[in-house]
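Novice: here is my input, please return the structure:
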Amino acid sequence: MICRADWNGTAGFERSGMSGIGGRTDPFGQAGADVRLEWGRSGARRAAERGDILVVVDVLSFCSTVVTAAAHGVLVFPCRTPEEAAALAARHGGEAAIRRQNGSEKGRFSLSPLTFLDAPPGLRVAVASPNGATCATLGQQVPCLIAGSLLNAGAAAERAAEAANAFGRPITVLACGERWAEPNEDGELRFALEDYLGAGAILAALPFSLTRSAEATVAERAFQAAENDLAELLLQSGSGVELTGKGFGGDVRHAAQYNLYSVAPTMTAAGYFEPGGGINGR
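Specialist: Down below sits the predicted model:
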(Lines give C-alpha, C1' and ligand atoms only; values in the text may rest on other atoms or scores of the structure.)
Protein backbone atom coordinates (compact mmCIF):
# COMPACT_ATOMS: atom_id res chain seq x y z
CA MET A 1 0.00 0.00 0.00
CA ILE A 2 1.42 3.38 -1.04
CA CYS A 3 0.80 5.96 1.65
CA ARG A 4 2.93 8.43 3.51
CA ALA A 5 5.75 6.54 5.21
CA ASP A 6 6.88 9.83 6.77
CA TRP A 7 3.60 10.44 8.64
CA ASN A 8 4.30 11.01 12.32
CA GLY A 9 1.39 9.08 13.78
CA THR A 10 -1.74 10.12 15.62
CA ALA A 11 -0.25 12.46 18.21
CA GLY A 12 -2.34 15.61 18.45
CA PHE A 13 -5.28 14.18 16.51
CA GLU A 14 -8.66 13.29 17.95
CA ARG A 15 -10.96 10.59 16.55
CA SER A 16 -13.94 12.11 18.32
CA GLY A 17 -14.09 15.29 16.23
CA MET A 18 -12.99 17.69 18.97
CA SER A 19 -12.46 21.24 17.81
CA GLY A 20 -9.33 21.76 19.86
CA ILE A 21 -10.72 25.03 21.25
CA GLY A 22 -11.18 24.74 24.97
CA GLY A 23 -11.95 21.03 24.58
CA ARG A 24 -15.33 21.79 23.02
CA THR A 25 -16.85 19.35 20.53
CA ASP A 26 -17.41 20.68 17.02
CA PRO A 27 -21.09 20.02 16.20
CA PHE A 28 -20.17 19.83 12.50
CA GLY A 29 -17.22 17.48 12.98
CA GLN A 30 -19.33 14.32 12.51
CA ALA A 31 -17.86 13.11 15.79
CA GLY A 32 -17.53 9.43 16.55
CA ALA A 33 -18.09 8.18 13.00
CA ASP A 34 -15.56 6.00 11.22
CA VAL A 35 -16.49 7.62 7.90
CA ARG A 36 -17.33 11.27 7.24
CA LEU A 37 -18.39 13.40 4.29
CA GLU A 38 -16.88 16.86 3.81
CA TRP A 39 -17.08 19.55 1.13
CA GLY A 40 -14.54 21.79 -0.59
CA ARG A 41 -11.31 23.39 0.48
CA SER A 42 -12.37 23.93 4.08
CA GLY A 43 -13.30 20.26 4.31
CA ALA A 44 -9.84 19.29 3.07
CA ARG A 45 -8.27 21.46 5.76
CA ARG A 46 -10.48 19.94 8.47
CA ALA A 47 -9.59 16.41 7.39
CA ALA A 48 -5.90 17.32 7.44
CA GLU A 49 -6.20 18.84 10.91
CA ARG A 50 -7.85 15.66 12.18
CA GLY A 51 -5.31 13.39 10.47
CA ASP A 52 -7.99 11.43 8.63
CA ILE A 53 -7.54 9.13 5.66
CA LEU A 54 -8.70 11.42 2.85
CA VAL A 55 -10.41 10.49 -0.43
CA VAL A 56 -10.65 13.52 -2.72
CA VAL A 57 -13.54 13.38 -5.22
CA ASP A 58 -13.70 15.76 -8.20
CA VAL A 59 -15.61 13.88 -10.91
CA LEU A 60 -15.62 16.65 -13.55
CA SER A 61 -12.83 16.47 -13.91
CA PHE A 62 -9.58 16.45 -11.89
CA CYS A 63 -9.94 13.10 -10.11
CA SER A 64 -11.37 11.37 -13.17
CA THR A 65 -8.33 12.67 -15.05
CA VAL A 66 -5.91 11.46 -12.35
CA VAL A 67 -7.56 8.02 -12.29
CA THR A 68 -7.48 7.70 -16.09
CA ALA A 69 -3.85 8.82 -16.17
CA ALA A 70 -2.92 6.42 -13.37
CA ALA A 71 -4.60 3.53 -15.20
CA HIS A 72 -2.11 4.18 -17.99
CA GLY A 73 0.91 4.46 -15.67
CA VAL A 74 1.15 8.27 -15.57
CA LEU A 75 2.29 10.16 -12.44
CA VAL A 76 0.23 13.30 -11.77
CA PHE A 77 1.37 16.28 -9.72
CA PRO A 78 -1.62 18.28 -8.40
CA CYS A 79 -1.17 22.07 -8.58
CA ARG A 80 -3.24 25.07 -7.63
CA THR A 81 -2.29 27.30 -10.58
CA PRO A 82 -0.98 26.91 -14.16
CA GLU A 83 2.17 28.78 -13.12
CA GLU A 84 2.83 26.24 -10.37
CA ALA A 85 2.21 23.43 -12.85
CA ALA A 86 4.75 24.83 -15.29
CA ALA A 87 7.35 25.17 -12.54
CA LEU A 88 6.75 21.64 -11.23
CA ALA A 89 6.90 20.13 -14.69
CA ALA A 90 10.23 21.83 -15.38
CA ARG A 91 11.61 20.71 -12.02
CA HIS A 92 10.63 17.07 -12.44
CA GLY A 93 11.22 16.63 -16.15
CA GLY A 94 7.56 16.33 -17.01
CA GLU A 95 4.82 18.19 -18.85
CA ALA A 96 2.36 20.79 -17.68
CA ALA A 97 -1.26 20.13 -18.60
CA ILE A 98 -2.90 22.86 -20.65
CA ARG A 99 -6.37 24.34 -20.46
CA ARG A 100 -8.97 21.92 -21.77
CA GLN A 101 -10.22 24.54 -24.23
CA ASN A 102 -6.81 24.76 -25.92
CA GLY A 103 -7.17 21.24 -27.26
CA SER A 104 -4.00 19.93 -28.88
CA GLU A 105 -2.78 23.35 -29.96
CA LYS A 106 -0.43 23.97 -27.04
CA GLY A 107 0.19 20.55 -25.51
CA ARG A 108 -0.79 16.90 -25.38
CA PHE A 109 -2.55 16.71 -22.02
CA SER A 110 -5.23 18.70 -20.21
CA LEU A 111 -7.95 18.33 -17.57
CA SER A 112 -9.79 16.21 -20.12
CA PRO A 113 -9.33 12.58 -19.02
CA LEU A 114 -9.59 11.48 -22.64
CA THR A 115 -6.22 13.08 -23.40
CA PHE A 116 -4.54 10.41 -21.24
CA LEU A 117 -5.98 7.36 -22.96
CA ASP A 118 -2.83 6.93 -25.09
CA ALA A 119 -0.31 8.34 -22.60
CA PRO A 120 2.98 6.46 -22.22
CA PRO A 121 3.66 4.78 -18.84
CA GLY A 122 6.06 6.65 -16.59
CA LEU A 123 5.12 10.07 -17.92
CA ARG A 124 4.99 12.90 -15.35
CA VAL A 125 2.30 15.56 -15.77
CA ALA A 126 1.53 18.54 -13.54
CA VAL A 127 -2.21 19.33 -13.56
CA ALA A 128 -3.70 22.53 -12.15
CA SER A 129 -7.29 22.70 -10.93
CA PRO A 130 -9.10 25.08 -8.54
CA ASN A 131 -11.07 22.24 -7.01
CA GLY A 132 -9.67 18.70 -6.91
CA ALA A 133 -6.01 19.57 -7.30
CA THR A 134 -6.24 22.44 -4.84
CA CYS A 135 -8.05 20.27 -2.27
CA ALA A 136 -5.36 17.61 -2.70
CA THR A 137 -2.59 20.11 -1.96
CA LEU A 138 -4.47 21.41 1.08
CA GLY A 139 -4.90 17.91 2.48
CA GLN A 140 -1.59 16.38 1.54
CA GLN A 141 -0.27 16.09 5.12
CA VAL A 142 -2.82 13.38 5.96
CA PRO A 143 -1.45 9.84 6.41
CA CYS A 144 -3.03 8.67 3.14
CA LEU A 145 -4.67 10.72 0.37
CA ILE A 146 -6.46 8.96 -2.49
CA ALA A 147 -7.98 10.28 -5.72
CA GLY A 148 -11.51 8.93 -6.05
CA SER A 149 -14.19 9.08 -8.71
CA LEU A 150 -16.97 7.01 -10.21
CA LEU A 151 -14.32 5.43 -12.44
CA ASN A 152 -12.55 3.79 -9.48
CA ALA A 153 -15.02 3.90 -6.59
CA GLY A 154 -14.42 0.31 -5.53
CA ALA A 155 -10.62 0.53 -5.68
CA ALA A 156 -10.56 3.88 -3.87
CA ALA A 157 -12.79 2.51 -1.09
CA GLU A 158 -10.63 -0.59 -0.73
CA ARG A 159 -7.47 1.50 -0.46
CA ALA A 160 -9.08 3.86 2.06
CA ALA A 161 -10.25 0.96 4.24
CA GLU A 162 -6.77 -0.58 4.17
CA ALA A 163 -5.20 2.73 5.17
CA ALA A 164 -7.75 3.34 7.94
CA ASN A 165 -6.90 -0.03 9.39
CA ALA A 166 -3.14 0.48 9.03
CA PHE A 167 -3.07 3.97 10.55
CA GLY A 168 -5.99 3.65 12.95
CA ARG A 169 -7.66 6.77 11.54
CA PRO A 170 -11.19 7.63 10.37
CA ILE A 171 -11.94 8.21 6.67
CA THR A 172 -13.10 11.48 5.19
CA VAL A 173 -14.60 11.35 1.70
CA LEU A 174 -14.34 14.87 0.28
CA ALA A 175 -16.73 16.09 -2.39
CA CYS A 176 -14.73 18.99 -3.82
CA GLY A 177 -17.61 20.88 -5.43
CA GLU A 178 -17.21 23.55 -8.09
CA ARG A 179 -16.71 27.30 -7.98
CA TRP A 180 -19.02 29.97 -9.32
CA ALA A 181 -17.45 32.09 -12.05
CA GLU A 182 -18.91 35.10 -10.24
CA PRO A 183 -19.17 34.55 -6.44
CA ASN A 184 -22.53 35.51 -4.94
CA GLU A 185 -23.80 36.19 -1.43
CA ASP A 186 -23.32 32.50 -0.61
CA GLY A 187 -19.64 32.58 -1.55
CA GLU A 188 -17.65 30.81 -4.26
CA LEU A 189 -18.40 27.13 -3.59
CA ARG A 190 -21.04 25.59 -5.86
CA PHE A 191 -22.78 22.30 -5.06
CA ALA A 192 -21.72 19.70 -7.63
CA LEU A 193 -24.12 16.80 -8.13
CA GLU A 194 -21.39 14.73 -9.79
CA ASP A 195 -19.09 15.00 -6.76
CA TYR A 196 -21.90 14.11 -4.37
CA LEU A 197 -22.67 10.97 -6.38
CA GLY A 198 -18.96 10.13 -6.72
CA ALA A 199 -18.51 10.45 -2.97
CA GLY A 200 -21.62 8.33 -2.43
CA ALA A 201 -20.25 5.61 -4.71
CA ILE A 202 -17.07 5.37 -2.64
CA LEU A 203 -19.02 5.43 0.63
CA ALA A 204 -21.25 2.61 -0.64
CA ALA A 205 -18.18 0.47 -1.36
CA LEU A 206 -16.65 0.83 2.10
CA PRO A 207 -17.04 -2.05 4.58
CA PHE A 208 -20.38 -2.15 6.39
CA SER A 209 -18.48 -2.48 9.67
CA LEU A 210 -17.37 1.15 9.43
CA THR A 211 -19.89 3.51 10.99
CA ARG A 212 -21.11 6.38 8.82
CA SER A 213 -22.00 9.90 9.88
CA ALA A 214 -25.47 11.12 8.93
CA GLU A 215 -23.95 13.19 6.12
CA ALA A 216 -22.09 10.18 4.74
CA THR A 217 -25.15 7.93 5.03
CA VAL A 218 -27.35 10.25 2.96
CA ALA A 219 -24.71 10.61 0.22
CA GLU A 220 -24.34 6.83 0.07
CA ARG A 221 -28.08 6.36 -0.31
CA ALA A 222 -28.25 9.05 -2.98
CA PHE A 223 -25.73 7.12 -5.04
CA GLN A 224 -27.58 3.85 -4.55
CA ALA A 225 -30.77 5.49 -5.84
CA ALA A 226 -28.96 6.94 -8.87
CA GLU A 227 -26.60 4.06 -9.71
CA ASN A 228 -28.48 2.90 -12.82
CA ASP A 229 -28.72 6.39 -14.33
CA LEU A 230 -25.25 7.86 -13.79
CA ALA A 231 -24.48 8.92 -17.35
CA GLU A 232 -27.89 10.51 -17.87
CA LEU A 233 -27.77 12.36 -14.55
CA LEU A 234 -24.23 13.65 -15.07
CA LEU A 235 -25.05 14.87 -18.58
CA GLN A 236 -28.14 16.66 -17.24
CA SER A 237 -26.35 18.20 -14.24
CA GLY A 238 -25.17 21.79 -14.34
CA SER A 239 -21.54 20.78 -14.74
CA GLY A 240 -22.43 18.26 -17.44
CA VAL A 241 -24.49 20.75 -19.42
CA GLU A 242 -21.68 23.30 -19.16
CA LEU A 243 -18.98 20.89 -20.40
CA THR A 244 -21.20 19.49 -23.16
CA GLY A 245 -21.93 23.02 -24.33
CA LYS A 246 -18.19 23.61 -24.65
CA GLY A 247 -17.74 20.46 -26.71
CA PHE A 248 -16.61 18.10 -23.94
CA GLY A 249 -19.58 15.80 -23.57
CA GLY A 250 -17.21 12.89 -24.10
CA ASP A 251 -15.44 13.80 -20.86
CA VAL A 252 -18.75 13.60 -18.99
CA ARG A 253 -19.68 10.23 -20.48
CA HIS A 254 -16.21 8.87 -19.70
CA ALA A 255 -16.35 10.08 -16.09
CA ALA A 256 -19.77 8.48 -15.58
CA GLN A 257 -18.45 4.94 -16.10
CA TYR A 258 -18.76 3.15 -12.78
CA ASN A 259 -15.72 1.12 -11.67
CA LEU A 260 -14.06 1.19 -15.08
CA TYR A 261 -10.59 1.10 -13.50
CA SER A 262 -9.04 -0.81 -10.60
CA VAL A 263 -6.41 1.80 -9.69
CA ALA A 264 -6.44 3.90 -6.51
CA PRO A 265 -4.04 6.81 -7.17
CA THR A 266 -2.38 7.67 -3.87
CA MET A 267 -0.40 10.79 -2.99
CA THR A 268 3.25 10.27 -2.12
CA ALA A 269 5.41 12.40 0.17
CA ALA A 270 7.00 13.77 -3.01
CA GLY A 271 3.68 15.39 -3.94
CA TYR A 272 2.45 13.29 -6.85
CA PHE A 273 -0.18 10.60 -7.31
CA GLU A 274 1.26 7.11 -7.73
CA PRO A 275 -1.00 4.74 -9.72
CA GLY A 276 -1.56 2.42 -6.75
CA GLY A 277 -3.20 -0.46 -8.56
CA GLY A 278 -3.26 -2.48 -11.74
CA ILE A 279 -2.13 -0.52 -14.77
CA ASN A 280 -4.96 -0.52 -17.32
CA GLY A 281 -6.97 -2.48 -14.74
CA ARG A 282 -10.57 -3.02 -15.75
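
Novice: tell me which residues are up against the helix or strand of the chain with the lowest mean pLDDT.
Specialist: Least confident helix or strand of the chain, by mean pLDDT, DSSP states H and E, is strand 178-184 with a mean of 90. Contact partners of strand 178-184, identified using Cβ atoms under 8 Å, 6 or more residues apart in numbering, comprise Leu60, Pro130, Asn131, Glu188, Leu189, Arg190, Phe191, Ala192, Asp195, Ser239. For glycine as for every other residue, the C-beta is placed from the backbone atoms N, C-alpha and C.

Novice: surely the first one meets Glu194?
Specialist: Read that as Leu60. Yes: Leu60 is within contact range of Glu194, at 5.1 Å (criterion: Cβ atoms under 8 Å).

Novice: circling back: in its sheet, what does the least confident helix or strand of the chain sit against?
Specialist: Strand 178-184 pairs in its sheet with strand 187-190 (antiparallel), by DSSP bridges.

Novice: just want the angle from the helix or strand following the partner strand to strand 178-184.
Specialist: Later in the chain than strand 187-190, the nearest helix or strand by DSSP states H and E is helix 193-205. Between helix 193-205 and strand 178-184, the angle comes out at 140 degrees (axes from the mean of the first three to the mean of the last three Cα atoms, to 10 degrees).

Novice: contact partners for the residue lying closest to Gly148 once chain neighbours are set aside?
Specialist: Nearest non-adjacent residue to Gly148, counting by Cβ to Cβ, 6 or more residues apart in numbering: Ala156, 3.7 Å away. Going by Cβ under 8 Å, 6+ apart, Ala156 touches Val55, Ile146, Ala147, Gly148, Ser149, Ile202, Ala205, Ala264.

Novice: any buried residues in the least confident helix or strand of the chain, and which?
Specialist: Using 16 or more other Cβ atoms under 10 Å as the test for burial, strand 178-184 gives Glu178, Arg179.

Novice: not counting its neighbours along the chain, what's nearest Ser64?
Specialist: Nearest non-adjacent residue to Ser64, counting by Cβ to Cβ, 6+ apart: Ala255, 4.1 Å away.

Novice: neighbours of the one you found, how many?
Specialist: Using other Cβ atoms under 10 Å, Ala255 has 30 other residues around it.
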